[in-house]
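1. here you go, sequence then predicted model.
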Amino acid sequence: MTLLNNKVVIVTGASSGIGQAAAITFSKEGAKVCLADINQQGLDSTAALIKELGGEVISVLTNVADPLACQNMVDQTVAAFGGLHIIFNNAGIAGVDAAVGDQSIDNWQRVIDINLNGVFYCTKSALPQLAKAGGGVIINTASIYGLMGARALSPYVAAKHAIIGLTKTTALEYASQNIRCVAICPGYVVTEMTASAMSEDEKQQFSDLIPQGRGATPQEIANFVVWAASDKASYMNGSFHVLDGGLLSG
């Protein structure tokens, strides 16, 4: 018995990392999956992995910073699979490191557009379909940086804090329609994005701070995401969940 048999799921940022791992795991648990990203090659790779497992999958090239693209993503999912039950708003970028006074307006706007506005646009587009399905689940990727400050990452930190607030508000407003909304707050996850955004010294410093002594694999985060989207987590709503190997414990 699979956790999500015949459920329809959208995963944004599905071309690599946490998004790819989650999309594959959703499929393994019986879901029909729409992959969304701006990276066509990555989408094709993820889709091929799911098809090898016998899963049902479509790919929609999507810039989550564009509200019309987000609506198109939802429309194509419903046209292909007949409905929508779960959306994992995972797409995000790190942006360019700089102190607040040195942040460029372009970098600030780009990070906010993708990391925060994208979550709102996708959620807004998905909500009518979740309601039509009799309920559903929204999972948003925040970060431990949604719970603390970080030098040189002001737009990223601001967006991730805001995602937690948006998650709580969405849960309050739509619980009566059987729609749950939760956020995940990963710590250091070993992905292509973190590999390109961090120096080797920074990676080692992070690992040294983590009680478990290492970063998470994308699969470790995906395991929680898929469980949280299932009926096993039916009373989990409006909450944020730290997945950091103990980093914030002390």
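-> Everything's here; your move.

2. only C-alpha atoms for contact and neighbour calcs from this point on.
-> Fine.

3. can you tell me the average pLDDT over stretch 84-101?
-> The average pLDDT within stretch 84-101 is 97.

4. nope, stretch 166-173 is what I was after
-> On average, the pLDDT along stretch 166-173 is 99.

5. which outside residues touch it?
-> Phe120, Asn140, Ile179, Arg180, Cys181, Val182, Ala183, Asn237, Gly238, Ser239 (C-alpha atoms under 8 Å, 6 or more residues apart in numbering).

6. buried subset of these?
-> Buried subset of the contacts of stretch 166-173 (neighbour count, 16 or more other C-alpha atoms under 10 Å): Phe120, Asn140, Ile179, Arg180, Cys181, Val182, Ala183, Asn237, Gly238.

7. which ones among those lie within strands?
-> Asn140, Ile179, Arg180, Cys181, Val182, Ala183 (DSSP state E).

8. quick one: the last one and Leu243 touch, right?
-> What it means is Ala183. No: judged on C-alpha atoms under 8 Å, Ala183 makes no contact with Leu243 at a distance of 10.7 Å.

9. shouldn't Thr77 be within a helix?
-> Yes: according to DSSP: H, G, I helix; E, B strand; the rest coil, Thr77 belongs to a helix.

10. state the pLDDT value of it.
-> So Thr77 comes in at 99 (pLDDT).

11. how close does it get to Ile24?
-> As for Thr77, its distance to Ile24 is 17 Å (criterion: C-alpha to C-alpha, to the nearest Å).

12. any low-confidence regions in the chain?
-> 1 (pLDDT under 70).

13. biggest helix in it by residues?
-> As assigned by DSSP state H, the longest helix anywhere in the chain is helix 154-174.

14. list the buried residues of that helix.
-> Neighbour-count burial for helix 154-174, counted by 16+ other C-alpha under 10 Å, picks out 154-168, 170-171, 174.

15. try stretch 138-154
-> Of the residues in stretch 138-154, 138-147, 152-154 count as buried by neighbour count, 16+ other C-alpha under 10 Å.

16. where exactly do the strands run in this structure?
-> 8-12, 32-37, 57-61, 86-89, 136-141, 179-186, 240-243.

17. Val182 touches Ile163, doesn't it?
-> No: applying C-alpha under 8 Å, one finds Val182 not in contact with Ile163, separated by 9.9 Å.

18. hey, what's in contact with both of those two?
-> Asn140.

19. hmm, back to that, could I get the contacts of stretch 166-173 in CSV, plus columns for distance to Ala36?
-> Shown next, in CSV, are the contacts of stretch 166-173 (distance: C-alpha to C-alpha, whole Å):
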residue, distance to Ala36
Phe120, 15
Asn140, 15
Ile179, 21
Arg180, 21
Cys181, 19
Val182, 20
Ala183, 19
Asn237, 24
Gly238, 24
Ser239, 25
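
20. list the contacts for the most centrally placed residue in the chain?
-> Nearest to the geometric centre of the chain sits Asn90, at 1.8 Å (C-alpha atoms, centre = their mean). Contact analysis of Asn90 by C-alpha under 8 Å, 6+ apart lists Val11, Thr12, Gly13, Ala14, Ile18, Gly19, Val119, Asn140, Thr141.
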